[in-house]
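K.L.:
Pasting the sequence and the predicted model now:
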Amino acid sequence: MGRGVELLQTSVGHFKSMPPKEKKRRANPSRLQAFHAAIEAGDVDGMEALLKDEPLLVNAPLYGVPPLVKCLAGPIPERSMALLRLHGMTSSIVSELLDEACRQGAALPTVDYVIDWLRHLDGRDWSQRCGRIFLRALTQTIQHSHTAVALHLIDMLDPKDERSMSPYIYEAFVAKNETVTLRLLSLPGPTLNLSDDTLLGMFETVEWVVRAIEHHWINVVALLDQFDHFRPIIFASCYFRPLATRAAIWAKSVHRYRSDMTWQASREALLVQRRRVGLPDDIGLLVAAFLFVFDEYAQAIAHWCKTCDRWLEACDCELDRDSDPSDSDIDTFDPSGSSDESDDWDGSDDVDNDDRGEDDYGMHPDDSRKEVDSFLVGSRDDE
């Protein structure tokens, strides 16, 4: 017990004998004001003279703004940054500078200078660590609607980079920036493959289509409408928008889907028109109109939840629906174009039509393909 007391007294005496901790030095207030004023004025010589007398100024903030960030407000930011760079800057400080430059919408040469500086500091680690910093900066430009800087950063993306672009596309939609959204959706490489039909299984992909239609982004919808698997959701989303808007803006997309469904349900008549008769497509579509009635509401509701007004695949609504879309009699569009019928049908009479009832395709009663063939051939003979 006595030994413990002795050790405690020794320790207390040791701490009492330690010299007081040296207070952190701070830059002279008047010189700090002069230094930041020189940065704002682009006076590089004045900055250099002040730094020689007091090196602490290099990282001394004024009203919470560091000197590096203050350089962004100067007339020649690259020269001011180059001077501060000589006094040593860590990659974390420069990455914060890049964030701020993108947040403020700095000039493109300034953004390029900061990015090159980061690459120099991190070396081979750029593709990992700085890649994340770069994408974070891209988010800043999108969120603050600096379109020119955002497009510049997108052009600098590595096509081989396998990072998902979905978060940045989402930010572009939230910022209502059609130009940036269109550029991101058009990126090549593995970052985004719009031809992949599994994209429709992603909630955010469904939101892309819905938001594009809500924002009246004709170019974005036209890009997505090039791919078969996007067309049902485009049609359903267009259908449940106000009629005036749908008729004026989305007529082309609605017509394309109508034609796709008509072709799938009445392909026999169209094949006769094309291969056996040789009439224009307009005649084939006219004949098809007697064989298949396109019900807009039935087609749209097969992919839509009226309860929460959303695409069915992205609907979390637990309420009972009047009918199960999976059991619907509506013939939904098959993007693959596959069919039990062969494209090489030659119009012969020995084709069984018993399994092609009205319930499967919503078609009017049709005795046989032969009647369609005879009708078309007879029409040509009359001419």
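P.N.:
Nice, I can see it.
K.L.:
Can you give me the buried ones in stretch 163-179?
P.N.:
Burial within stretch 163-179, assessed by neighbour count using 16 or more other C-beta atoms under 10 Å, is assigned to 165-166, 168-173, 175, 177-178. All C-beta atoms are positioned from the backbone trio N, CA, C, and that covers glycine.
K.L.:
What is the end-to-end distance of it?
P.N.:
Criterion C-alpha to C-alpha, to the nearest Å; first-to-last residue distance in stretch 163-179 is 21 Å.
K.L.:
Stretch 80-95 too?
P.N.:
One end of stretch 80-95 sits 17 Å from the other (C-alpha to C-alpha).
K.L.:
Pull out the buried positions in it.
P.N.:
Going through stretch 80-95 with 16+ other C-beta under 10 Å, the ones that come out buried are 80-81, 83-85, 89, 91, 94-95.
K.L.:
How about stretch 146-157?
P.N.:
So stretch 146-157, judged by 16+ other C-beta under 10 Å, has buried residues 146-147, 149-151, 153-154, 157.
K.L.:
Run through who's touching it.
P.N.:
The contact list for stretch 146-157, computed with C-beta atoms under 8 Å, 6 or more residues apart in numbering, reads 102, 105-106, 108, 111, 115, 134, 137-138, 141-142, 177, 179-180, 183-184, 187, 191.
K.L.:
From those, which land in helices?
P.N.:
The helices in this structure, assigned by DSSP state H, contain 102, 108, 111, 115, 134, 137-138, 141-142, 179-180, 183-184 from the contacts of stretch 146-157.
K.L.:
Could you count how many residues lie near the closest residue in space to Ala106 that isn't next to it in sequence?
P.N.:
The spatial neighbour of Ala106 that comes closest, neighbours along the chain excluded (C-beta to C-beta, 6 or more residues apart in numbering), is Leu72 at 5.4 Å. One way to gauge burial is a neighbour count; for Leu72, by other C-beta atoms under 10 Å, it gives 21.
K.L.:
Could you give the backbone dihedrals for Leu72?
P.N.:
Taking degrees, to the nearest 10, you get phi -60, psi -30 for the backbone angles of Leu72.
K.L.:
how about it, what does it touch?
P.N.:
Under the criterion of C-beta under 8 Å, 6+ apart, the contact partners of Leu72 comprise 97, 100-101, 104, 106, 110.
K.L.:
Would you mind checking these for buried ones?
P.N.:
Neighbour-count burial within these applies to 97, 100-101, 104, 106, 110; the criterion is 16+ other C-beta under 10 Å.
K.L.:
rewinding a little: need the ones in helices among the contacts of stretch 146-157 in JSON lines with distance to Phe294 and pLDDT, can you?
P.N.:
Listed next are these as JSON lines, based on distance: C-beta to C-beta, whole Å; pLDDT from 0 to 100:
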{"residue": "Cys102", "distance to Phe294": "48", "pLDDT": "94"}
{"residue": "Leu108", "distance to Phe294": "50", "pLDDT": "95"}
{"residue": "Val111", "distance to Phe294": "51", "pLDDT": "94"}
{"residue": "Ile115", "distance to Phe294": "53", "pLDDT": "91"}
{"residue": "Phe134", "distance to Phe294": "48", "pLDDT": "84"}
{"residue": "Ala137", "distance to Phe294": "48", "pLDDT": "92"}
{"residue": "Leu138", "distance to Phe294": "43", "pLDDT": "92"}
{"residue": "Thr141", "distance to Phe294": "44", "pLDDT": "95"}
{"residue": "Ile142", "distance to Phe294": "40", "pLDDT": "94"}
{"residue": "Thr179", "distance to Phe294": "35", "pLDDT": "94"}
{"residue": "Val180", "distance to Phe294": "36", "pLDDT": "94"}
{"residue": "Arg183", "distance to Phe294": "35", "pLDDT": "92"}
{"residue": "Leu184", "distance to Phe294": "34", "pLDDT": "90"}
